[in-house]
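Student: below is the structure, and that's it, no one-letter string:
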Ligand code: PEP
């Protein structure tokens, strides 16, 4: 099955509004030149409005780096789907390893956030991935299985068409140490097979599974050549127009 590639940039806690708008304009140019793939950028919350305005009409999606499960209320520090809809935000990253490991978000909270996104017409990117200790203890597949099963609990097959999964081994994020294409493919194939067990095979075949973890211009082509890798979630290399442009133009 042909899945439309998605290249997503996670800008984390970087860039002022002015810097974010300049980078977004450059990404929009890259994206407009590549009609066969989707491109998404996730600025910090403070730059979302300015970036949405800057790329209006361009072929680039804007994402949030997290999302609340409630629509409104006493949830200090949280941002809800209606607030994101109001700006023109289309997607949200959920369960990023930094949220899991620095801020203690667990699978149950991540599942609530995912439902908040789906109910609020925001397309979720569910991030999963094992730590180095878990990989070395041969627990990679069981960790991924738990993250997928709990993260997607209660999601219908119909809704699953709106979900993107990102496999991001924690040991590869921001470390310069990329998973080999074989390690990434093995994990992606496992996740797709698992999705086939949880939902139906045709649904699993349609879900986009991104790889994330030190994706760079010099490894994107090899990664994208793997049969179950449908795109990339990019951190550090998404902060430079030139390197992200090369990643968007993967061959
Ligand atoms: C990320 O933040 O999701 C990520 C993969 O970061 P980096 O590309 O810097 O490893």
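Tutor: Looks like it came in fine. Being a predicted model, the structure only gives us computed values, none of them experimental.
Student: burial of residue 213, as a residue count?
Tutor: Applying other CB atoms under 10 Å, we find 28 residues neighbouring residue 213. From N, CA and C alone the C-beta is placed, and that goes for glycine too.
Student: pretty sure it contacts residue 169?
Tutor: Yes: using CB atoms under 8 Å, residue 213 is in contact with residue 169, at 5.2 Å.
Student: show the backbone phi and psi for residue 64.
Tutor: In terms of degrees, to the nearest 10, the main-chain angles of residue 64 are phi -100, psi 160.
Student: quick one: which helix or strand includes the nearest residue to residue 241 once chain neighbours are set aside?
Tutor: Spatially, and ignoring its direct neighbours in sequence, residue 241 is nearest to residue 26 (3.9 Å; CB to CB, 6 or more residues apart in numbering). Assigned by DSSP states H and E, residue 26 falls within helix 17-32.
Student: ok, the very next helix or strand once past that helix: who's next to it in the sheet?
Tutor: Where DSSP H and E defines the elements, the next helix or strand beyond helix 17-32 is strand 38-42. If you go by DSSP bridges, strand 38-42 pairs up with strand 6-10 (parallel), strand 61-64 (parallel).
Student: any part of strand 38-42 near the ligand?
Tutor: No: Strand 38-42 is not in contact with the ligand by CB under 6 Å from any ligand atom; minimum separation 9.2 Å.
Student: who's in contact with stretch 146-159?
Tutor: The contact list for stretch 146-159 (CB atoms under 8 Å, 6 or more residues apart in numbering) reads 94-95, 107-108, 110-111, 114-115, 118, 126, 128-129, 160, 163, 165, 191, 194-195, 198-200, 203.
Student: spatially central residue in this protein, please.
Tutor: In the chain, the residue lying closest to the centroid (CA atoms, centre = their mean) is residue 125, at 4.3 Å.
Student: tally of neighbours for the residue lying closest to that residue once chain neighbours are set aside?
Tutor: Nearest non-adjacent residue to residue 125, counting by CB to CB, 6+ apart: residue 164, 4.5 Å away. Residues near residue 164, counting by other CB under 10 Å, number 24.
Student: let me know whether residue 15 touches residue 239 as I believe.
Tutor: Yes: with contacts counted by CB under 8 Å, residue 15 reaches residue 239, the gap being 7.2 Å.
Student: which residues touch the closest residue to the ligand within the chain?
Tutor: For the chain, the residue closest to the ligand is residue 235, as judged by CB to the nearest ligand atom, at 2.1 Å. Residue 235 makes contact with 10, 12, 173, 174, 212 under the criterion CB under 8 Å, 6+ apart.
Student: who are the contact partners of the third one?
Tutor: I take that to be residue 173. 97, 98, 129, 212, 213, 214, 235 are the contacts of residue 173 under CB under 8 Å, 6+ apart.
Student: and with 10 Å instead?
Tutor: Going by CB atoms under 10 Å, 6 or more residues apart in numbering, residue 173 touches 10, 96-98, 101, 127, 129, 212-214, 233, 235-236.
Student: so what's it scoring on pLDDT?
Tutor: We have a pLDDT of 89 for residue 173.
Student: mind listing what's buried along the helix or strand hosting residue 146?
Tutor: Here residue 146, judged by DSSP H and E, is contained in helix 140-151. In terms of neighbour count (16 or more other CB atoms under 10 Å), helix 140-151 has its buried residues at 140, 143, 144, 145, 147, 148, 151.
Student: now tabulate these in JSON lines and tack on pLDDT and distance to the ligand.
Tutor: Output for the buried residues of helix 140-151, formatted as JSON lines (pLDDT from 0 to 100; distance: CB to the nearest ligand atom, whole Å):
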{"residue": "140", "pLDDT": "97", "distance to the ligand": "17"}
{"residue": "143", "pLDDT": "98", "distance to the ligand": "17"}
{"residue": "144", "pLDDT": "98", "distance to the ligand": "16"}
{"residue": "145", "pLDDT": "98", "distance to the ligand": "21"}
{"residue": "147", "pLDDT": "98", "distance to the ligand": "15"}
{"residue": "148", "pLDDT": "98", "distance to the ligand": "17"}
{"residue": "151", "pLDDT": "98", "distance to the ligand": "16"}
